[in-house]
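Novice: Need the 3D shape of this:
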Amino acid sequence: MTKENKKDKKISFHPQLPKTPTGISGLDEITGGGLPKGRPTLICGEAGSGKTLISLEFIVRGATEFNEPGVFMAFEEKAQELAMNVGSLGFDLEKLQKDKKLKVDYIHIDRSEIEETGEYDLDGLFIRLGYAIDSIGAKRVVLDTIENLFGSLTNQGILRAELRRLFQWLKEKGVTAIITGERGDGPALTRQGLEEYVSDCVILLDHRVINQISTRRLRIVKYRGSLHGTNEYPFLIDEDGISVLPVTSLNLEKAVSSERIPSGIPALDKMMGGKGFFKGSSILVSGTAGTGKTSIAASFAHEICNQEKKCLFFAFEESPQQIIRNMHSINIDLQKHLNKGLLQFFASRPTIHGLEQHLVAMHKMIKKFKPDAVVLDPITNLITVGSVSEVKAMLIRLIDFLQDEQITVMFTALTLNNIVTEQTDEGVSSLVDTWLMVRDIEFNGERNRGMYIMKSRGMKHSNQVREFIINDNGIDLVDVYLGPEGILTGSAREAQKLQEQTGQVLRTNAMGMKDREILRKKKVLEAKIAGLQTEFESAEEELNKIYIEEELVKKVTQENREEVLKMRRGDNAATQKGNN
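Specialist: Predicted coordinates:
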């Protein structure tokens, strides 16, 4: 083998660290495949951050989804308490133990009985844990929580030695282990400040409350031998367990589609070349209160469902019953789509969760329902739980996720005034593909609506303002009237139409009178022309008569002359003959 080939082979060789998938939604994505196989992982955090639940789900998912039995050794909660606590999540620990897929062991440690001597060790724990592992052939192990083993020890030498021995023993057993630890004071991640140094992977959980809104977050502090996500990731605890959402977009390499889907408003489709929005695109509908943003969104959802596709409607302002009732007034029946399972509502006040929790919940519902289109109405209500910049960051991540899934999304946003600014649309106007503006037009003592397309990427679209009409038959867009005083809408437009119709009638009548007068004049002129024609023909005939007579006299004269000449030539000839 040449030196160059050896060099190429060396460069192309990238050994991959073996990993054990956790089965926890989102966690395997940010860890690049799971936790380090056959190595210990430390999960630390304050009380109530979710350490026990994540570690227990790791064990249960391994037993049920990956055929890897596990041992859960608890130092704080008894087996019956654990089984009851996670029963609401659908985890049946008793059945798993009967099937030899799970071993839950509780060890009570009385700190008052521990004396700090040079002979303190964990041999008893190793024996008990080793037996539990061997009894079911466990591949996964959880120790919850490690502070109970070393809580009363102050000798750092003994503590460090025993910690290293515990971690090394777990590696020798070849099990993928999770050790949970409580958050320490100051810069240390744990109370002892040692576990994070001897662990191959460290995951930090955080439960913070900002503006009375609680949010749980997860961060991978270190991961030896593997690339991993380094940001904070929100996670949600609900009836299905843990859901971690990878929220950071690494690139803009999104698949795009040229397929078009109608908006539900034919006149609006006509303004976009008669075809509607691009599939997988994002649409923003912004306007002041009462301009019909929700009606536009409901029309879009109605059209999606009419095509036998699914739509997920996130409502942050009205209940589903309110929306269904209100849309009945404009001939949009959303209830039938609910009954068929094509439409699903998720209605909640934004203050029920933090922004990241909302993002996790949306991500989870979209994954579960698999819609073709999503509606968020309105995104401005999210400001109650975050700043404009935070809402924008959340929506950026949501748009990226929906683009990856090729799901069309429509946002509605409340503008606080008639001035178009980044504040009024939560700063996402530069991110969306299509931006529809609905605004008030006040004239002649009336308030009417106007709509125009601010932008629509990748398609030819109208730049005209249309009057936006909501009536019993639904939504329609009509051309605005331009009068002497500007744009005319509503009754002013109808008055202008009536005036134009009246003017048309008057013009028609005037034209009729003029036509009759012209006809009369035409007949008079035609009679005069006929008389002149007759007179001309008489004069022409008289002139022709004189000409004919002159020609006849001329002809007869010529003939007489020729006859006289002929006679003279005859007389001359006779005379000449007599002389001879």
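Novice: Now do the contacts for L35.
Specialist: Residues in contact with L35 (C-beta atoms under 8 Å, 6 or more residues apart in numbering) are K19, T20, T22, T41, F58, T176, I178, C201. Every residue, glycine included, has its C-beta placed from N, CA and C.
Novice: Repeat the analysis, applying 6 Å as the threshold.
Specialist: T20, T41, T176, C201 (C-beta atoms under 6 Å, 6 or more residues apart in numbering).
Novice: Present those residues as a markdown table; the columns should include secondary structure and distance to S462.
Specialist: Supplementary listing: the contacts of L35 in a markdown table, determined by DSSP: H, G, I helix; E, B strand; the rest coil; distance: C-beta to C-beta, whole Å:
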| residue | secondary structure | distance to S462 |
| --- | --- | --- |
| T20 | strand | 57 |
| T41 | strand | 58 |
| T176 | strand | 60 |
| C201 | strand | 56 |
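Novice: Which member of those is positioned nearest V432?
Specialist: The shortest approach to V432 among these belongs to C201, at 38.7 Å (C-beta to C-beta).
Novice: And that closest one, how close does it get to R164?
Specialist: Distance, C201 to R164, using C-beta to C-beta, to the nearest Å: 16 Å.
Novice: can you check T215 too?
Specialist: Noted for T215: a distance of 35 Å to R164, by C-beta to C-beta.
Novice: Give me the more crowded residue out of these two.
Specialist: Between T215 and R164, T215 has the larger neighbour count (other C-beta atoms under 10 Å), namely 21 against 13.
Novice: for that one, what are its contacts?
Specialist: R208, P234, G354, E356, Q357.
Novice: Tell me which two of the residues you listed sit farthest apart.
Specialist: Using C-beta to C-beta, those span at most 11.6 Å, a distance reached by R208 and Q357.
Novice: More neighbours: which of the two?
Specialist: For R208 versus Q357, neighbours defined as other C-beta under 10 Å are more numerous around Q357 (21 against 13).
Novice: which SSE is that one in?
Specialist: Applying DSSP states H and E as the criterion places Q357 in helix 355-369.
Novice: Now do the following helix or strand past that helix: which elements does it pack against?
Specialist: Toward the C-terminal end, the helix or strand that comes next after helix 355-369 (DSSP H and E) is strand 373-377. Contacting strand 373-377 under the criterion 3 or more C-beta pairs under 6 Å, 6 or more residues apart in numbering; DSSP states H and E are the following elements: helix 293-306, strand 311-315, strand 408-414.
Novice: okay if I get the ones you listed as CSV plus mean neighbour count, mean pLDDT and distance to A267?
Specialist: Converted to CSV, the helices and strands packed on strand 373-377 look like this (neighbours: other C-beta atoms under 10 Å; pLDDT from 0 to 100; distance: least, C-beta to C-beta, whole Å):
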stretch, mean neighbour count, mean pLDDT, distance to A267
helix 293-306, 23, 94, 11
strand 311-315, 24, 94, 21
strand 408-414, 26, 91, 17
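Novice: of the ones you listed, which approaches R219 most closely?
Specialist: Nearest to R219, of all the helices and strands packed on strand 373-377, is strand 311-315, at 27.3 Å by C-beta to C-beta.
Novice: which secondary structure elements does that closest one contact?
Specialist: Under the contact definition 3+ C-beta pairs under 6 Å, 6+ apart, strand 311-315 sits against helix 293-306, strand 343-347, strand 373-377.
Novice: Go ahead and name everything in contact with it.
Specialist: So strand 311-315 is contacted by 301, 304-305, 343-347, 369, 371, 373-377 (C-beta under 6 Å, 6+ apart).
Novice: what do you get for stretch 362-382?
Specialist: Applying C-beta under 6 Å, 6+ apart, the contact partners of stretch 362-382 are 243, 245, 294, 297, 301, 304, 309-317, 344, 346, 350, 391, 407-414, 426.
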